[in-house]
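Participant: take this sequence and fold it.
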Amino acid sequence: MTDLSRIRNIGIMAHIDAGKTTTTERILYYTGKVHRIGEVDKGTATMDWMSQEQERGITITSAATTCLWKDCVINIIDTPGHVDFTVEVERSLRVLDGAIGIFCAVAGVQPQSETVWRQADRYHIPRIAYVNKMDRIGADFLRVVNMIRDVLGCDALPVQLPIGAEDSFVGVIDLVELKAYVYEDELGEVYTQRELTPEEAELAEEYRINILDRLSVYDDRILELYLEGGPIAPEEIYRSLRELTVKNLVVPVLCGSSFKNKGVQMLLDAVVKYLPSPLDIAAVKGTNPVTGEESMRRASIDEPLCALAFKVASDPYVGKLTYFRIYSGSLKSGGQVYNSRKGQRERITKILRMHANHREEIDQAFAGEIVAGVGLKDTITGDTLCSEDNPIVLESMTFPEPVVDVAIEPKTKADQDRIGDSLKRLAEEDPTFRTRIDEETGQIIISGMGELQLEVIIDRLVREFKVNANVGRPQVSYKETIRSKARTESIFEKQTGGRGQFAHVVLEAVPLAEGEGKRFVNRLSGDVIPKEFISAVEIGVMEALQAGILAGYAVDDIEVSLVGGSYHEVDSSEIAFKVAASLGVKELLSKGDPVLLEPIMDIEIVSPEEYVGDVIADLNSRRGRVIALEENRESKIIKGTVPLAETFGYATSLRSVSQGRASFSMHIKNYAQVPESRSKEIIARRYGLPV
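Facilitator: Predicted coordinates for the structure are as follows:
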């Protein structure tokens, strides 16, 4: 068992192509975990083990590994940068204690870097920043530091300066120790420490004073030493930097070039020096499912078991793998755990320490560790595993709703038999992936966060699960809502000779603000309707909201209230009230001025200046709107919004108008009303009518 103070649970997060996996590969090499450096571009990266990742040169699933550095055990999760797989970042950050944010020295803070940074803010994750690609043309360390401060709103504090840039980048200046580290060989294993030149010393002193200025704002001890005017020992600066990083008050910034093997060892040192151990993190809070009272677990093996399942994966050799973070207590292989969210006992047949897709079986796991378990049949992402004698339910995770639909049909009877189970297993792995049957066409509809996510899932269906299917074109997952308040009285009455059916409900509906979802409220007072019938009304309402009246899309941002009704002593039943509620909802929707909603995307396009006019014209033709135009060295950054429906095939169009030199990234911003003319087209297509 490792001393908890020597454990670091960290994630590596960034915009796509900032160098996350490349940096992780170097970390594994320098810590002795692997004996050759894998490359993303060659498909040999250890952490990008899926064939889909190797072919595309991107990270799709978060991969976990463990390595040793300076007597510390570092558990690392390498997360994807593509917006379609943002759920992988979300659930990883939920169980981590610290993170490394990687930024490209040329591009700086990009859209997805901002998204993952905000996700880390939500979970109060302490971070260090690493400005990568200092060897690239246009690299500017201090510009990126200022972008981190301005765009992300954090107190970014450089603790290193680069020696040179672009082709002349050879090493870094340590601003705490006031030493220079220069790399001598291509593998980055040989580097020498030397004294600073007079020019370097002058610049370093200026930035070291800046460090002390910022630390003295938060740290009285540093302020006292600073005002005394004497030298301040590096140990004092390290202590203060660590305390303030753990409190999320400052973000130490380092630099390097992972691809050229420069600066990664110092990054590892920074992980050990500045990022928290499980002991530095506040006790995890939850709820006792029996009493409903708040319950807490400290990071200690002496506390009762408490762990959070944050990822489920299908493994071809051991079956279902459940990744979990142990917050307190310990767990033995073959032991029994209690899933407090489901109220079920489960047995863990094996405990595995993961290294990407390689497994190391261990007998026991302890507080502070991130491991995977085999044998957990009913546990899904967000479930709490604990001791049945001391139950606790940790706050679960919430995930965004899917925005893209694709229809698929199995090709043969054998495929038909396999597809249901295969899709179920894929949905267990990814909470943003959903499946349903279209009642009108009988087709299977799969939904996700983007074209790439669904493309990968279909690819996995064929390769891993051996299911062949005909695949339709991607479609937007629209929503429906109402714009005005509505009220209706719904009576369901049926006489069949014997006992009849009777239910009478009065329902009201009001539109909610965007993002508030759908909810049912019981506003009855007294015993107007028995309680068991009220729960049936709620089921009928929520089921009816799954398909609106305009085009059959799910209804959102609506509150339906039960405000009146009556029942019959003999003829009333739960079924009758469920039907009455369902019929009432349909009438409410028709009275409430129904409209279609479509997902609107935030888009950021980087284009050479000579193509900006054509790019903007193309964006405007797609109902896009330009919000800002910013300078970026030799290119321009166009920031705007565009409906998701207009972005299918946009990559090809953008390459065409910019001769392949522009690039873009986007993520969902909100849902907005579809223009009336476009709404009529969508409804007509939905029902196969002429447009």
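Participant: give me the low-pLDDT residue ranges for this structure?
Facilitator: 1, 34-62, 80-86, 316, 356-357, 439-441, 496-498, 633-634, 691 (pLDDT under 70).
Participant: mind doing that once more with 50?
Facilitator: Applying pLDDT under 50 to the chain picks out residues 41, 43, 47-50, 52-54, 56, 58-60.
Participant: what's the longest strand in it?
Facilitator: Longest strand in the chain, counting residues (DSSP state E): strand 594-608.
Participant: buried sites along that strand?
Facilitator: Buried positions in strand 594-608, judged by neighbour count with 16 or more other CB atoms under 10 Å: 594-607. Backbone N, C-alpha and C define where each C-beta goes, glycine included.
Participant: what is the nearest of the residues you listed to Met449?
Facilitator: Pro599 (10.1 Å; CB to CB).
Participant: re the thing from before, ok, the longest strand of the chain: who's next to it in the sheet?
Facilitator: strand 479-482 (antiparallel), strand 635-643 (antiparallel), strand 663-673 (antiparallel) (DSSP bridges).
Participant: how about Ile482: what's its closest non-neighbour residue?
Facilitator: Gly592 (3.1 Å; CB to CB, 6 or more residues apart in numbering).
Participant: hmm, back to that, of the strands paired with strand 594-608, which is nearest Arg473?
Facilitator: Per CB to CB, nearest to Arg473 of those: strand 635-643, 16.5 Å.
Participant: what's next to the helix or strand that comes right after the closest one, contact-wise?
Facilitator: Remark: after strand 635-643, the chain's next helix or strand is helix 650-657, criterion DSSP states H and E. Here helix 650-657 makes contact (CB atoms under 8 Å, 6 or more residues apart in numbering) with 605, 611, 614-615, 618, 622, 662-664.
Participant: on that earlier part again, how many residues are close by the residue nearest to Ile482?
Facilitator: Other residues lying near Gly592 total 23 when counted by other CB atoms under 10 Å.
Participant: that one: what's it in contact with?
Facilitator: Contacts of Gly592 (CB under 8 Å, 6+ apart): 482-486, 509, 511.
Participant: would you turn these into TSV with distance to Phe310 and neighbour count?
Facilitator: Listed next are the contacts of Gly592 as TSV, based on distance: CB to CB, whole Å; neighbours: other CB atoms under 10 Å:
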residue	distance to Phe310	neighbour count
Ile482	37	22
Arg483	39	11
Ser484	42	11
Lys485	41	14
Ala486	41	21
Ala509	37	26
Pro511	35	18
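Participant: any idea how far the helix of greatest length in the chain is from the chain center?
Facilitator: Using DSSP state H to define each element, the chain has its longest helix at helix 198-218. Centroid separation between helix 198-218 and its chain, computed with CA atoms, centre = their mean, to the nearest Å, is 36 Å.
Participant: which helices and strands sit right next to the host helix or strand of Glu508?
Facilitator: Element membership of Glu508, judged by DSSP H and E, is strand 501-511. In terms of contacts (3 or more CB pairs under 8 Å, 6 or more residues apart in numbering; DSSP states H and E), strand 501-511 is packed against strand 479-482, strand 486-494, helix 531-544, strand 558-566, helix 574-591.
Participant: can you give the contact residues for the strand or helix carrying Arg436?
Facilitator: In this structure, Arg436 sits in strand 434-437 according to DSSP H and E. Under the criterion CB under 8 Å, 6+ apart, residues 402, 423-424, 427, 443-448 lie in contact with strand 434-437.
Participant: among these, name the buried ones.
Facilitator: Among these, the ones that count as buried (16+ other CB under 10 Å) are 402, 423, 427, 443-448.
Participant: out of these, which sit inside strands?
Facilitator: Those of the buried ones among the contacts of strand 434-437 lying in strands (DSSP E): 444-448.
Participant: out of those residues, flag the one nearest to Val106.
Facilitator: Among these, and counting by CB to CB, the member closest to Val106 is Gly448, at 30.9 Å.
Participant: distance between stretch 362-373 and the chain's centre?
Facilitator: 23 Å.
Participant: my bad, stretch 402-420
Facilitator: Centroid displacement of stretch 402-420 relative to its chain, using CA atoms, centre = their mean, is 26 Å.
Participant: now do the end-to-end distance for that stretch.
Facilitator: 19 Å (CA to CA, to the nearest Å).
Participant: could you pull out the buried residues of that stretch?
Facilitator: Those would be 402-408, 410, 415, 418-419, for stretch 402-420 by 16+ other CB under 10 Å.
Participant: same check on stretch 173-181?
Facilitator: Neighbour-count burial for stretch 173-181, counted by 16+ other CB under 10 Å, picks out 173-176, 180-181.
Participant: what are the contacting residues of that stretch?
Facilitator: So stretch 173-181 is contacted by 158-163, 171-172, 191-197, 200-201, 203-205, 207-208, 211, 234, 237-238, 241, 266 (CB under 8 Å, 6+ apart).
Participant: make TSV out of the buried ones among the contacts of strand 434-437 and add distance to Val246.
Facilitator: Formatted as TSV, the buried ones among the contacts of strand 434-437 follow (distance: CB to CB, whole Å):
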residue	distance to Val246
Pro402	36
Leu423	43
Ala427	37
Gln443	52
Ile444	48
Ile445	46
Ile446	42
Ser447	39
Gly448	36
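Participant: which of those lies closest to Ser535?
Facilitator: Ala427 (26.8 Å).
Participant: which residue packs closest to that closest one, ignoring adjacent ones?
Facilitator: That would be Phe433: by CB to CB, 6+ apart, it lies 5.3 Å from Ala427.
Participant: tally of neighbours for that neighbour?
Facilitator: Quick note: Phe433 (other CB under 10 Å) scores 20 neighbours.
Participant: with the one 3 residues further on instead?
Facilitator: The local packing count at Arg436 equals 13, with neighbours defined by other CB under 10 Å.
Participant: what does Ala513 give?
Facilitator: Using other CB under 10 Å: Ala513 sits among 6 other residues.
Participant: against Glu559, how distant is it?
Facilitator: Distance of Ala513 to Glu559, given as CB to CB, to the nearest Å: 11 Å.
Participant: same question, Val190
Facilitator: 66 Å.
Participant: comparing these two, which residue is more hemmed in?
Facilitator: Glu559 (16 against 10).
Participant: need the contact list for the more buried one.
Facilitator: Counting by CB under 8 Å, 6+ apart, Glu559 touches 509-510, 512, 518-521.
Participant: Ile638 too?
Facilitator: 603-607, 612, 615-616, 619, 626, 628-629 are the contacts of Ile638 under CB under 8 Å, 6+ apart.
Participant: quick one: it from Ser663, how far?
Facilitator: 11 Å.
Participant: for the residue lying closest to Gly335 once chain neighbours are set aside, grab phi and psi.
Facilitator: Nearest non-adjacent residue to Gly335, counting by CB to CB, 6+ apart: Ile348, 6.0 Å away. The phi/psi pair for Ile348 (degrees, to the nearest 10) reads phi -90, psi 110.
Participant: give me the number of residues near Ile348?
Facilitator: Per other CB under 10 Å, the neighbour tally for Ile348 reads 24.
Participant: from Ile326, how far off is it?
Facilitator: Ile348 is 12 Å from Ile326, by CB to CB.
Participant: and the two most separated of the contacts of Gly592?
Facilitator: Distance extremes for these: the farthest pair is Arg483 and Ala509 at 11.0 Å, using CB to CB.
Participant: thank you, goodbye.
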